[in-house]
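Engineer: Just need the structure, nothing else, for what follows:
(one chain, ligands or ions: 3)
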Amino acid sequence: MSASTESDKRKVTVQTFQKMKERGEKISMLTAYDYTMASILDQAGLDAILVGDSASNVMAGNKTTLPLTLDEIIFYGKSVVNGVKRALVVVDMPFGTCSGNPNKSLKSAIRIMKETGADSLKIEGGEEIAADMQKIINAGIPVMGHLGLMPQSINKYGGYGVRAKADAEAEKLKKDALLLQELGCYSITLEKIPASLAQEVATTLHVPVIGIGAGAGADGQVLVVHDMLGMNKGFNPRFVRQYADLHTVINSAVRQYVDDVKTSDFPNIQESY
Ligand SMILES: Nc1nc(=O)c2c([nH]1)NC[C@@H]1CN(c3ccc(C(=O)N[C@@H](CCC(=O)O)C(=O)O)cc3)CN21
Ligand SMILES: CC(C)C(=O)C(=O)O
Ligand SMILES: [Mg+2]
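Structural biologist: Ligands and ions are numbered 1, 2, ... in the order given. Purely as a prediction, here's the structure:
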């Protein structure tokens, strides 16, 4: 069976996520930032689309996710929602928009939901931002947590290495995961942590755990679409499986086009009026 049993035409909701975990059906998720890509992913039967703040890297060419603004993620989010009929759409809250000021965080969350039409938000962090998350969840906005490697905290850690290898950090992660579930998060993303730890969290929690670089024990997987399509030549950590080589496909198509223009092969009579 290649397609998922949940891959009928019905809209995926946070309730669908919960049902998929209960019946042991894995959840498939990829990022998208634009209408065209989102519609291709949706038509392929993907369960969920993340409008990730990785847009800062892959769309805008920044070194980190930190520069991405609320206005920018709203633009990407709106574009993705326009291309999606079935998949659950999750939008990342950008750096600085949910960090210890619950009233301000709720305002930002409401702006994203109102202006994009997305289904839910994803927020990096645990105990430190519990009050912000509680306020947002209380307003009726479904929130996906994000623990482990949190790229918005890169300046605190100085690198993108595996997180929670040490016991103390693993204990904090487990505590944070339980707290987020307690607050009412409908799902939690775990990024770049040992597979055994992710497996333990997924087994302990009743909400689905989505992994990236977190092994096969998670209830679902997420990747940045540019990475899995092979558009991102310089980026190949071991958690990325490359399903296509679009860099080569696009490169040779463009080379051919350049050649055809230079030699006046394009356009021909059929391609002219
Ligand atoms: N294209 C892209 N893919 C991602 O998965 C992604 C982004 N961008 N931007 C936001 C965050 C940043 N993420 C990252 C970034 C680096 C590694 C990483 O593993 N990098 C190197 C070095 C790690 C180290 O410092 O030890 C690696 O080769 O593993 C993992 C996830 C995940 N997210
Ligand atoms: C890597 C995923 C989980 C993410 O947060 C993003 O793409 O921004
Ligand atoms: Mg992100």
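Engineer: okay, CA-based contacts and neighbour counts for the rest of this
Structural biologist: Noted.
Engineer: what residues are up against Pro94?
Structural biologist: Asp53, Thr65, Leu66, Leu68, Thr69, Leu70, Ile73 (CA atoms under 8 Å, 6 or more residues apart in numbering).
Engineer: Mind doing that once more with 10 Å?
Structural biologist: 52-54, 56, 65-73, 108, 122-124, 152 (CA atoms under 10 Å, 6 or more residues apart in numbering).
Engineer: Mind checking which of those residues are in helices?
Structural biologist: Residues of the contacts of Pro94 located in helices (DSSP state H): Ser56, Leu70, Asp71, Glu72, Ile73, Ser108.
Engineer: ok, back up a step: write a ChimeraX command that selects only the buried members of the contacts of Pro94.
Structural biologist: Buried subset of those, written as a ChimeraX selection, criterion 16 or more other CA atoms under 10 Å:
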select :52,53,54,56,65,66,67,68,69,70,73,108,122,123,124,152
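Engineer: hmm, back to that, could the ones in helices among the contacts of Pro94 be laid out in CSV, adding distance to Gly217?
Structural biologist: Shown next, in CSV, are the ones in helices among the contacts of Pro94 (distance: CA to CA, whole Å):
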residue, distance to Gly217
Ser56, 29
Leu70, 33
Asp71, 36
Glu72, 34
Ile73, 30
Ser108, 33
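Engineer: out of the residues you listed, what pair is the most spread apart?
Structural biologist: Spanning the widest gap among the ones in helices among the contacts of Pro94 are Ser56 and Ser108, at 18.0 Å by CA to CA.
Engineer: Tell me which residue of the stretch 151-273 of the chain lies closest to ligand 2.
Structural biologist: Per CA to the nearest ligand atom, Val224 is where the stretch 151-273 of the chain lies closest to ligand 2, at 5.5 Å.
Engineer: in stretch 56-64, what counts as buried?
Structural biologist: Neighbour-count burial for stretch 56-64 [16+ other CA under 10 Å]: Ser56, Asn57, Val58, Thr64.
Engineer: what's the answer for stretch 23-30, then?
Structural biologist: Glu25, Lys26, Ile27, Ser28, Met29, Leu30.
Engineer: For the stretch 101-250 of the chain, which segments are assigned as helices?
Structural biologist: Using DSSP state H, counting those that start in this stretch, the helices found in the stretch 101-250 of the chain span residues 102-116, 130-138, 154-157, 167-183, 195-204, 225-228, 246-262.
Engineer: can you redo the ones you listed as TSV with mean pLDDT and distance to ligand 1?
Structural biologist: TSV is the format used below for the helices of the stretch 101-250 of the chain (pLDDT from 0 to 100; distance: least, CA to the nearest ligand atom, whole Å):
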stretch	mean pLDDT	distance to ligand 1
helix 102-116	98	19
helix 130-138	98	21
helix 154-157	97	9
helix 167-183	98	17
helix 195-204	98	15
helix 225-228	98	6
helix 246-262	98	14
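Engineer: With Thr36 as the reference, name the closest of the ones you listed.
Structural biologist: Distance to Thr36, taken as CA to CA, is lowest for helix 225-228 among those, at 12.7 Å.
Engineer: Pull the residues that contact that closest one.
Structural biologist: 29-33, 37, 41, 49-50, 58-59, 231-237, 239-247.
Engineer: Could you pull up the residues touching the residue in the stretch 51-200 of the chain that ligand 2 sits nearest to?
Structural biologist: Ligand 2 sits closest to Gly52 of the stretch 51-200 of the chain, with a gap of 3.3 Å, by CA to the nearest ligand atom. Listed by CA under 10 Å, 6+ apart, the contact partners of Gly52 are 30-33, 58, 65, 73, 76-77, 90-94, 121-122, 224.
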